[in-house]
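# Okay, predicted coordinates and the sequence, questions at the end:
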Amino acid sequence: MVPLLISDFELARLILHLYYERSKTASCLLSARKVGTETIGAEKELEGSLKQLVAKLFEIALTVTVPDEPDVEPVVAPCPPKFGDYQCNNAMGLWKKIKDKGTQFTGPQPLGKAIMSNLPQSEMIESCSIAGPGFVNVKLAKPWIAKRIHKMLTDGIETWSPKLNIKTAVVDFSSPNTAKEMHVGHLRSTIIGDTLARMLEFSNVKVLRRNHVGDWGTQFGMLIEYLFEKLPDWEAANDQAIGDLEAFYKASKERFDDDPGFKERAQQAVVSLQGGQEKYRKAWTRICETSRRNFQKVYHRLGVHLEEKGESFYNPYIPGTLDILNKKGLIEESEGARVIFIEGKNIPLIVVKSDGGYNYASTDLAALWYRLNEENAEWIIYLTDVGQKDHFDMFFTAARRAGWLPADDKKYPRVSHVGFGLVLGEDGKRFRTRSTRVVKLVDLLDEAKTRCKVAIIERGKGKDWSEEEVDKTAEAIGYGAVKYADLKNNRLTNYTFNYDQMLNDKGNTAVYLLYAHARICSIIRKSGRDIEELKQSGTLDLAHPDERVLGLHLLQFAEIVEEACTNLFPNILCEYLYNLSEDFTRFYTNCQVVGSAEETSRLFLCEATAVVMRKCFDLLGITPVYKI
């Protein structure tokens, strides 16, 4: 055998695979393992999250241990600190598969010991141990953890971005209705959707941020006719002439319900609009533009960016989409409507109403076809309240029956409905004003900012800071508090909106976390040291137990983002961020930074914590503050 020199971890894996395919013998596999063993310390070539790196080592060990069981995926997870840092849990499952095949192993624990002994030598691992029925525990080496953190500080946090298996995703979120004000009911869709989009973007996925606004349908005949009636010179009038959009919509609906003549004219207006008559198209455009400017006030406050592709955009694609489904035999006649029957559902999915009109299902099917075929999306994520779950279940089932999506909902192209609960008031009911009106989102956000501004001034910062600093800090904390109070909850549950709780500077709140970040920045400023200069010559050491705990937590950032992203639960990232701040507090309490012999190393830990916290804030759509 010709000696091989390998400098890349993935190349070592490839050679191992080739030996397996060519020889199918354990002896050659072991030879390959020896080749890989000498070179797996080249850490600059290792990519992926911490959990993925550990899994790569176990992948080699498993291939060597059970060469006749190909494609065994390593089952790796964090383990209790008293056992180590990570644990490989393959032994029990593998034992069940091989125990009747004449294996040399006598049980899961001997199998686990063999997996452990076949782990490639790596500077990543300090020690290994066996627990229970073959669990392989791994403790990571402190010098390796320190090296990874220092490399991140040098090369940037983007080097820790997760590696997902898709290139393009659509996130369909916010989606207000034209001519209606955005209110607290849109809060969760907008905030959760933006965070999911940010996490996917950080993971190097191209994200199409889609605002599927309700800008088409029968209600527009009502709105247009009311515009003509209220403002005969509407083309010359300014935008303020329409006035409050919510009141405008409500008044037009009352006219529609109470006046048969108005209702008849409104229904005819729909026909004129859909027929493309210029006057009606112009009126529709005017109403949509007025709504759009009102929506943008909210998006600006939240720092949210979307590309609008509303119902009207997909309307021309509906006939062709339904024709495709009809040719596949999916569409049937039922009580004058055209429907798709879904197994297990009492009612069918209506795609053409009995009056010949289209509906949500028609538009959603056309939009899905467009996203799959024109935009080449591999993952399409829809954010609405949990009450729409049945609609999406039926819609997705229809798409699978059409062959647009694989039967396995974990394979790509993939669709996911991200449902969320209600925002409640302190009375446990849907959050509303005292007058029982739904709370407008602009008013809600501005109230949070105002309260923060008052608190900042009461703390005496108004004397030390410029008016602009006070305003921007109040904005960052106020808007951030509203976002975090939502995102830290499991999205499937309802949550209670309470200003006092979300603006508290103690506990798991954005205020506490933003202040914690500002304190870290203050520690670094107090040192008077230039972190950029220190990076060139300084080293990081994790001698104290609290330093190691903090360092390991920092390294786990990428896998946490991946978990939150792939499972579509932003609260996972919030929990990580809060625990990170707690780990830092414990480190800072027990490890003197400024003026200590370990000052340079500990300043690196401070800086790394601040960098990771800022990236967490960024993924959550929260603006960090640097002083308090």
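Alright, I've got the coordinates.
# What strand or helix carries residue 323?
Using DSSP states H and E, residue 323 sits within helix 318-327.
# Pull out the buried residues from that helix.
For helix 318-327, burial by neighbour count (16 or more other C-beta atoms under 10 Å) applies to 318, 321, 322, 325. The C-beta positions use only the backbone N, C-alpha and C, and glycine is treated the same way.
# who's in contact with stretch 127-143?
Contacts with stretch 127-143, where a contact means C-beta atoms under 8 Å, 6 or more residues apart in numbering, come from 50, 54, 58, 79, 83-92, 95, 107-113, 115-116, 119, 123-126, 541-543, 548, 551-552.
# Could I have the PyMOL command that selects the buried members from these?
Typed into PyMOL, the line below selects the buried ones among the contacts of stretch 127-143, using 16+ other C-beta under 10 Å:
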select buried, resi 50+54+58+79+84+85+86+87+88+89+90+91+92+95+108+109+110+111+112+113+115+116+119+124+125+541+542+548+551+552
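# out of the contacts of stretch 127-143, which are inside strands?
86, 87, 88, 125, 126 (DSSP state E).
# Residue 572: which of the residues you listed is nearest?
residue 86 (17.9 Å; C-beta to C-beta).
# any idea of the mean pLDDT for stretch 273-287?
Per-residue pLDDT values over stretch 273-287 give a mean of 92.
# Put the alpha carbons of that stretch into CSV.
Extracted in CSV, the C-alpha atoms of stretch 273-287 (Å, rounded to 0.1, in the frame of the first residue of the first chain):
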residue,chain,number,x,y,z
LEU,A,273,-61.9,45.4,-11.5
GLN,A,274,-61.3,41.8,-12.6
GLY,A,275,-62.2,42.7,-16.2
GLY,A,276,-59.3,45.2,-16.1
GLN,A,277,-61.3,48.4,-16.5
GLU,A,278,-58.8,51.3,-16.1
LYS,A,279,-60.9,53.4,-13.7
TYR,A,280,-61.4,50.5,-11.3
ARG,A,281,-57.7,49.3,-11.6
LYS,A,282,-56.6,52.9,-10.7
ALA,A,283,-58.9,53.0,-7.7
TRP,A,284,-57.7,49.5,-6.6
THR,A,285,-54.0,50.7,-6.9
ARG,A,286,-54.7,53.8,-4.9
ILE,A,287,-56.2,51.8,-2.0
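# Can you mark which positions in it are buried?
273, 274, 280, 283, 284, 286, 287.
# And stretch 457-465, by the same measure?
461, 465.
# Also stretch 419-433?
419, 420, 421, 422, 423, 424, 425, 431, 432.
# and residue 521, helix, strand or coil?
helix (DSSP: H, G, I helix; E, B strand; the rest coil).
# what's the helix or strand for the residue nearest the centre of the chain?
Geometric centre of the chain, nearest residue: residue 196, 2.3 Å, by C-alpha atoms, centre = their mean. Assigned by DSSP H and E, residue 196 falls within helix 187-202.
# which is the next helix or strand following that helix?
strand 206-211.
# Partner strands of that following strand and their direction?
strand 168-172 (parallel), strand 307-308 (parallel) (DSSP bridges).
# Next, the angle from it to helix 187-202.
160 degrees (axes from the mean of the first three to the mean of the last three C-alpha atoms, to 10 degrees).
# for the stretch 451-600 of the chain, what spans make up the strands?
For the stretch 451-600 of the chain, the strands defined by DSSP state E, counting those that start in this stretch cover 495-496.
# element containing residue 298, please.
Going by DSSP H and E, residue 298 is part of helix 278-302.
# And that helix, how far out from the chain middle?
Distance of helix 278-302 from its chain centroid, counting by C-alpha atoms, centre = their mean, to the nearest Å, is 28 Å.
# Which residues does that helix contact?
174, 176, 178-182, 186, 190-191, 194, 211, 213, 215, 220, 223-224, 227-228, 234-235, 239, 242, 245, 269, 272-273, 304-306, 308, 310, 441-442, 445-446, 475, 479, 483, 621.
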